[in-house]
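Asker: Give the three-dimensional model of this entry:
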Amino acid sequence: MISTILAELHSALVRFLQTGETYTIFINKMGLSQEDREALHEHLGQGNVRIKLENTDEPAEWLESSISGIWLGVFYDHQGNPVLETVEVAAFPPVAGAQQADMQQGAAQLETLLEQLA
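Answerer: A predicted model of the protein is given here:
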């Protein structure tokens, strides 16, 4: 099973490099045993980057794997219990990126700040 998942990730990473298409595997939806999950994490290793999404009803965190472009994600419920595990192929996890509406609000904040400093 682990070989199949790693082959799927390899194909997804090659496709991402060619097209920019991101890819997500929902690990806890696959019926993997705890041993298989641990083996997958061991094979993918851990990189140097950790991203935490806080101050939201559905917090999440991602760990970069030792393979650039592959991220291990965990989404939590409002009580902090894990509810979803993912392996994502992307330059960074798309959910962790700035959203369009948030950036528009940020631009407005900067505009206000600049007006106050003028």
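Asker: Am I right that T86 falls within a strand?
Answerer: Yes. Assignment of T86 by DSSP: H, G, I helix; E, B strand; the rest coil places it within a strand.
Asker: Show me the beta-bridge partners of it.
Answerer: F26, G73 (DSSP bridges).
Asker: At which residues are the helices of this structure located?
Answerer: Using DSSP state H, the helices found in the chain span residues 2-19, 34-44, 100-117.
Asker: mind putting those helices in TSV, distance to I70, mean neighbour count and mean pLDDT included?
Answerer: (Each C-beta comes from the backbone N, C-alpha and C, glycine too.) Output for those, formatted as TSV (distance: least, CB to CB, whole Å; neighbours: other CB atoms under 10 Å; pLDDT from 0 to 100):
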stretch	distance to I70	mean neighbour count	mean pLDDT
helix 2-19	6	14	96
helix 34-44	6	14	94
helix 100-117	26	9	93
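Asker: Throw those into a markdown table and include distance to N81, thanks.
Answerer: Formatted as a markdown table, these follow (distance: least, CB to CB, whole Å):
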| stretch | distance to N81 |
| --- | --- |
| helix 2-19 | 24 |
| helix 34-44 | 16 |
| helix 100-117 | 26 |
